[in-house]
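Chemist: Coordinates only, no sequence provided:
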């Protein structure tokens with residue numbers, strides 16, 4: 001397709017919409033060659049490559065449109081490029097790099113450019129002043145507040161909401177503030193800036209679509225920087241360390257952390273770094289004990305409460321007696337962390353019978369939590385192994401294997417003493433209907449290179465064909481060809497859009513490797529006849 005004939009090749013509706021975008025000046029050039037931004041309901045990036053003769057050699061857009069090969073945004077760019085060609089710009093000619101352009105300009109010219117940009121975009125001027133102006137500490141915090149407000153106002157727009165697509169750009173806008181947290185000499189001021197960013201980050205969960213985790217990343221990074229600045233303080237400057245501790249502890253009480261206790265916990269972890277100061281330690285311990293007391297034992301708060309108990313435990317390890325620590329573990333044995341702690345202690349002391357008892361108690365207590373039950377069974381298995389209780393090992397290894405843990409196959413295989421073990425296990429796994437058993441079955445036959453069983457499995461699960469065709473083709477070439485034919489026909493039947501048609505054609509390309517060019521051509525002809533009323537599919541088949 002060429003810039004001179006694309007209007008004849010495109011869907012007329014797409015062409016008209018693209019022309020409207022072009023006419024409304026929605027196509028913006030990027031500094032990167034071949035890249036454009038098209039402003040629609042959202043901003044989309046379009047990449048179009050054109051050679052010296054006007055041929056469109058590559059075209060793509062990151063919009064979700066998938067009802068045809070070319071979208072309205074790409075069409076708008078074609079009109080823009082056609083305009084450039086008519087105005088005498090050489091199509092395909094590379095623009096000089098921005099660095100080279102700026103490097104050749106005088107200081108006066110650069111200042112003039114920056115002043116023009118500041119007039120066009122006052123926010124750009126604010127960022128320049130914020131980054132490069134020398135200001136005193138009081139003014140710096142005030143400037144940071146203004147910059148945060150400016151960033152929020154700019155990205156929220158009239159809607160008062162930031163979409164998933166624009167969330168990343170919003171987070172990137174905070175980078176200059178993050179630099180201030182890193183580079184400001186005064187640690188207390190740096191932490192104040194950090195808390196300012198953290199405050200807005202927590203609020204942003206309410207007005208940003210955080211489906212991609214950008215806001216969570218901003219909050220995590222900010223807390224991390226606050227922690228680094230706090231821990232880098234002079235250990236002998238007790239007044240400063242106490243002030244930072246009090247500031248962070250008080251900030252953690254804010255209501256913005258309701259429902260986001262994981263972030264509150266991270267702030268509390270930073271506070272623990274100051275516990276070598278006795279007055280801090282007492283206050284920190286009192287705060288943890290108060291928070292623990294306030295939490296109920298329901299499933300929702302269970303994780304948070306256990307995490308608080310772990311923070312208290314870290315303190316106790318450093319400053320409490322062995323008797324106090326042992327009593328604390330026993331009081332909280334119903335939490336995984338403390339049961340595991342006690343199991344580890346008994347394993348080190350070779351008290352394997354006690355390990356078995358603790359694991360069995362855990363299985364009974366957590367019977368509604370499958371993952372925890374499996375965890376305690378593994379601990380029990382380890383104790384059985386140390387005691388050489390092979391009968392108990394076999395039974396438990398089989399349970400763990402059937403629950404989906406393949407590592408116990410080798411354990412079970414070593415314990416087996418008869419030749420019927422493999423076939424017996426395979427038949428048992430085939431009788432199970434759960435996905436765990438199916439996955440284990442597949443892993444075992446692959447481990448043993450049992451091609452006959454693998455063929456049987458793939459015939460019933462054609463989605464695995466592409467993964468194992470090479471292995472099977474060595475012994476069962478005709479079966480592989482037949483399975484590919486069935487797989488292609490099945491995929492073609494369920495395909496309903498161009499994206500899926502391309503997927504079918506990708507499978508057909510692989511089919512050629514096993515069936516040869518002649519059989520591939522026959523299959524393509526069958527599909528052309530069978531799906532003659534699907535023009536998009538016929539178009540994709542024609543590209544093979």
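Modeler: Received, thanks. Just so you know, these numbers come straight off a predicted model, no measurement behind them. Numbering: from 1, shown residues only.
Chemist: And stretch 461-472, how far out from the chain middle?
Modeler: 29 Å (Cα atoms, centre = their mean, to the nearest Å).
Chemist: Please apply the same query to stretch 295-314.
Modeler: 27 Å.
Chemist: Check stretch 466-485 too.
Modeler: 35 Å.
Chemist: How about the host helix or strand of residue 316, which residues are buried there?
Modeler: Assessed by DSSP states H and E, residue 316 sits inside helix 299-319. Neighbour-count burial for helix 299-319 flags 304-313, 316 (criterion: 16 or more other Cβ atoms under 10 Å). Quick note: C-beta positions are derived from backbone N, CA and C, even for glycine.
Chemist: can you list contacts of it?
Modeler: For helix 299-319, the surrounding residues in contact (Cβ atoms under 8 Å, 6 or more residues apart in numbering) are 261, 265, 268-269, 272, 275, 281, 284-285, 288-289, 291-292, 295, 297, 324-325, 328, 332, 335-338.
Chemist: One more pass at 6 Å, please.
Modeler: By Cβ atoms under 6 Å, 6 or more residues apart in numbering, the residues outside helix 299-319 that reach it are 261, 265, 268, 275, 285, 288, 291-292, 295, 325, 332, 335, 337.
Chemist: Could you tell me which of those residues belong to strands?
Modeler: Counting by DSSP state E, those place none of their members in strands.
Chemist: Okay, and which of those residues map to helices?
Modeler: With helices defined by DSSP state H, the entries of the contacts of helix 299-319 inside them are 261, 265, 268, 285, 288, 291-292, 325, 337.
Chemist: which two from those residues end up farthest apart in space?
Modeler: Within the ones in helices among the contacts of helix 299-319, two members stand farthest from each other by Cβ to Cβ: 261 and 325, at 25.2 Å.
Chemist: between those two, which one's more packed in?
Modeler: Neighbours were counted for residue 261 and for residue 325 using other Cβ atoms under 10 Å; residue 261 has more, 18 against 14.
Chemist: Can you check the pLDDT for that one?
Modeler: Here, the pLDDT recorded for residue 261 equals 94.
Chemist: who touches it in this structure?
Modeler: Residue 261 touches residue 304, counting by Cβ under 6 Å, 6+ apart.
Chemist: Could you measure from it over to residue 291?
Modeler: 10 Å (Cβ to Cβ, to the nearest Å).
Chemist: One more: residue 106?
Modeler: Per Cβ to Cβ, residue 106 is found 62 Å from residue 291.
Chemist: who has more neighbours, those two?
Modeler: residue 291 (21 against 8).
Chemist: what residues are up against that one?
Modeler: Neighbours of residue 291 in contact, by Cβ under 6 Å, 6+ apart: residue 308.
Chemist: what's the pLDDT at it?
Modeler: At residue 291, pLDDT is 95.
Chemist: and the gap between residue 361 and residue 379?
Modeler: 11 Å.
Chemist: So for these two, which sits in the more crowded spot?
Modeler: residue 379 (20 against 14).
Chemist: Touching, the more buried one and residue 343? I think so.
Modeler: Yes: assessed by Cβ atoms under 6 Å, residue 379 is found in contact with residue 343 at 5.5 Å.
Chemist: chain center to the helix or strand residue 182 falls within: distance?
Modeler: If you go by DSSP H and E, residue 182 is part of helix 175-183. With Cα atoms, centre = their mean as the basis, helix 175-183 stands 25 Å off its chain's centre.
Chemist: What is it packed up against?
Modeler: Contact analysis of helix 175-183 by 3 or more Cβ pairs under 6 Å, 6 or more residues apart in numbering; DSSP states H and E lists helix 187-204 as its packing neighbours.
Chemist: and the helix it packs on, which residues are buried?
Modeler: So helix 187-204, judged by 16+ other Cβ under 10 Å, has buried residues 187, 189-198, 200-202, 204.
Chemist: Please enumerate residues in contact with the longest strand along the chain?
Modeler: Assignment by DSSP E gives strand 43-50 as the longest strand of the chain. The contact list for strand 43-50 (Cβ under 6 Å, 6+ apart) reads 34-38, 56-63, 73-74, 77, 91-92.
Chemist: Filter these down to the ones in helices?
Modeler: Residues from these lying in helices, with DSSP H as the criterion: 73-74, 77.
Chemist: hmm, which of the residues you listed are the buried ones?
Modeler: Looks like these have 73-74, 77 buried, using 16+ other Cβ under 10 Å.
Chemist: how many other residues sit next to the closest residue to residue 57 other than its chain neighbours?
Modeler: The spatially closest residue to residue 57, leaving aside those adjacent along the chain, is residue 49, at 4.8 Å (Cβ to Cβ, 6 or more residues apart in numbering). Using other Cβ under 10 Å, residue 49 is surrounded by 13 other residues.
Chemist: can you give me the strands in this protein?
Modeler: Counting by DSSP E, the strands of the chain are 27-29, 35-39, 43-50, 56-61.
Chemist: what about stretch 42-58, how long is it end to end?
Modeler: End-to-end distance for stretch 42-58: 23 Å, by Cα to Cα, to the nearest Å.
Chemist: If you could redo that for stretch 24-38, that was the one I meant.
Modeler: Terminal-residue distance, stretch 24-38 (Cα to Cα): 11 Å.
Chemist: got the domain boundaries for this protein?
Modeler: Annotated domains of the chain cover 6-99, 467-544 [automatic domain parsing].
Chemist: Any idea which of the ones you listed has the lowest pLDDT on average?
Modeler: domain 6-99 (a mean of 78).
Chemist: ok, residue 498 - how many residues close by?
Modeler: Neighbourhood size, residue 498 [other Cβ under 10 Å]: 17.
Chemist: Roughly how far does the nearest residue to it once chain neighbours are set aside sit from residue 521?
Modeler: Of all residues not flanking residue 498 in the chain, residue 536 sits nearest, at 4.7 Å (Cβ to Cβ, 6+ apart). Distance of residue 536 to residue 521, computed by Cβ to Cβ: 21 Å.
Chemist: So those two - more neighbours on which side?
Modeler: residue 536 (19 against 13).
Chemist: I figured the more buried one hits residue 499, correct?
Modeler: No: Residue 536 is not in contact with residue 499 according to Cβ under 6 Å; the separation is 9.7 Å.
Chemist: Could you find the closest non-adjacent residue to residue 425?
Modeler: Nearest to residue 425 is residue 444, by Cβ to Cβ, 6+ apart, at 7.2 Å.
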